[in-house]
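1. Curious how this folds, go ahead:
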Amino acid sequence: LLDFNSWAVQSVYGHPAFNGILMALSNNIFFKQLGLVEDINAYHLFSIFTTFLLALTLSIWTKQTFGSFASIVAVLTVYTFPLLFGEQHFNVKDPPMAAFFALSLYLFWLSFIKRRPLFLVLSALAGGASFGTKFNFVFAPFILLPWIIAYGVTLLKTNTLRHVLSKKMVIAFILYPIIVFLVFFLTWPTLWSDPLNNIPQVFRYYEDIGRSPCGYSFPTYSWFIHCSQLLTLKYFIYTVPIFPLFLFCIGFIVSIMRFREKNLVTILWLSFFVVTIMRVTLSVSNIYGGLRQIMEFIAPMAMLAGL
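-> Numbering: from 1, shown residues only. This is a model prediction of the structure:
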């Protein structure tokens, strides 16, 4: 994977390279240097580690907001989900993308709660890692927007908005998309030789595989009627084990009732889940490989189950 002259590395019509480089690093450390695991397994250790990172992020986030019991339930929901348990051993894209995605949203929320620009920069780096693995992170603004609006209104009512939006916070917020893009760009050396030609090829790839198959205009009545795909919701109901699914349903209702608590964090969790599921259910984007392609939904599902 570190042979930058190979055809596979020179091709830019495909997924970004961030996780591939870290997989190669994992193989170099655990197979070539330490000899602890076999060749192929050394690559997949990276996905297993990022799954742990996902569980750790959810554990910390739920413990900070709703206590230790919610944290334990969230982690158990993650590790007892059969899809993730299996995919982490061979899927080199979706578990890492989901882990970095969840970490980025947590750090974004934390940066405003703690009023720390550093956390916002770290959130951008994690977002760049997710974007540099797979382009699902382009939906992050739509996930964050409801919480930003709700939290902003709360701050306006208490006259504390100016204390949160310090000069450093505003600068970090402006630099956020730039940092995300730089992580994507700087970790893919193939792009460097001709970025004006290579970068559009990456976006063209995602347009080709992710474009909605719907032939009707968005968002018309015909679009809603003929293009909605209930298959994603069926995948969700059939794939999630019964007890975690029950806890999630209860938590979904409770989160709506308690949305004013804990700096409105459940608004963010609800938005995270709803936007992720509905963007493929309403045919905003295409899904061709089942729930694994929107694996970031596991994070809000687990945290809501903890409620």
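2. if I look at Pro195, how far off is Pro82?
-> As judged by CB to CB, to the nearest Å, Pro195 and Pro82 stand 41 Å apart. All C-beta atoms are positioned from the backbone trio N, CA, C, and that covers glycine.
3. buried ones in stretch 195-204?
-> Residues of stretch 195-204 classed as buried: 198-199, 202 (neighbour count, 16 or more other CB atoms under 10 Å).
4. Also stretch 280-291?
-> For stretch 280-291, burial by neighbour count (16+ other CB under 10 Å) applies to 280-287, 291.
5. out of these, which are inside helices?
-> 280-281 (DSSP state H).
6. between the buried residues of stretch 280-291, which is nearest Phe181?
-> Nearest to Phe181 out of these is Ser285 (CB to CB; 20.1 Å).
7. OK, contacts around the nearest residue to the closest one once chain neighbours are set aside?
-> Leaving aside its chain neighbours, Ser285 sits nearest to Gly210 (4.8 Å; criterion: CB to CB, 6 or more residues apart in numbering). By CB atoms under 8 Å, 6 or more residues apart in numbering, the contact set of Gly210 is 135, 285-286.
8. And Leu22, by the same measure?
-> 46, 96.
9. can you rerun that using 6 Å?
-> Contacts for Leu22 (CB atoms under 6 Å, 6 or more residues apart in numbering) come out as Phe46.
10. ok, and what's touching stretch 266-280?
-> Under CB under 6 Å, 6+ apart, the answer for stretch 266-280 is 109, 142-143, 146-147, 150, 232, 255, 259, 285, 287, 294, 296-297, 300, 303-304.
11. out of these, which are buried?
-> 109, 143, 146-147, 150, 232, 255, 259, 285, 287, 294, 296-297, 300, 303-304.
12. Helices of the stretch 101-250 of the chain, residue ranges please.
-> 117-131, 140-157, 161-164, 167-186, 195-210, 221-227, 231-239, 242-257 (DSSP state H, counting those that start in this stretch).
13. And the average pLDDT for the first one is what?
-> The average pLDDT for helix 117-131 rounds to 98.
14. And for the fifth one?
-> Per-residue confidence for helix 195-210 averages out to 91 on the pLDDT scale.
15. One more: the last one?
-> Averaged over helix 242-257, pLDDT sits at 96.
16. if I pick the spatially most central residue of the chain, what's in contact with it?
-> The structure's the chain has its C-alpha centroid closest to Phe101; by CA atoms, centre = their mean the separation is 2.6 Å. Phe101 is in contact with 130, 137, 296, counting by CB under 6 Å, 6+ apart.
17. any idea how far it lies from Lys234?
-> 24 Å.
18. hmm, back to that, any chance of the contacts of Gly210 in CSV, plus pLDDT and distance to Leu118?
-> Formatted as CSV, the contacts of Gly210 follow (pLDDT from 0 to 100; distance: CB to CB, whole Å):
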residue, pLDDT, distance to Leu118
Phe135, 95, 26
Ser285, 74, 33
Asn286, 73, 37
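19. Restricted to strands, list the residues you listed.
-> Among those, no member is found in strands (DSSP state E).
20. what's the longest helix in the chain?
-> From DSSP H, the single longest helix across the chain is helix 39-66.
21. model confidence over that helix, on average?
-> pLDDT averaged over helix 39-66 gives 96.
22. Quick check: buried residues in it?
-> So for helix 39-66, counting by 16+ other CB under 10 Å, buried means 42-47, 49-51, 53-55, 57-59, 61-66.
23. where does Phe81 fall, phi/psi-wise?
-> The phi and psi values for Phe81, taken as degrees, to the nearest 10, are phi -80, psi 110.
24. Tell me, how many residues neighbour it?
-> 20 (other CB atoms under 10 Å).
25. Excluding chain neighbours, give the residue nearest to it in space.
-> Nearest to Phe81 is Ile298, by CB to CB, 6+ apart, at 6.2 Å.
26. With Ser130 instead?
-> Phe100 (3.7 Å).
27. next one: His44
-> Nearest non-adjacent residue to His44 (CB to CB, 6+ apart): His89, at 5.9 Å.
28. what's the answer for Pro244, then?
-> Per CB to CB, 6+ apart, closest to Pro244 is Thr77, 4.8 Å.
29. Tell me who's in contact with the one you found.
-> 244, 302, 305 are the contacts of Thr77 under CB under 6 Å, 6+ apart.
30. Just give me the closest of the residues you listed to Phe119.
-> The closest of those, once distances to Phe119 are taken by CB to CB, is Ala302, at 21.8 Å.
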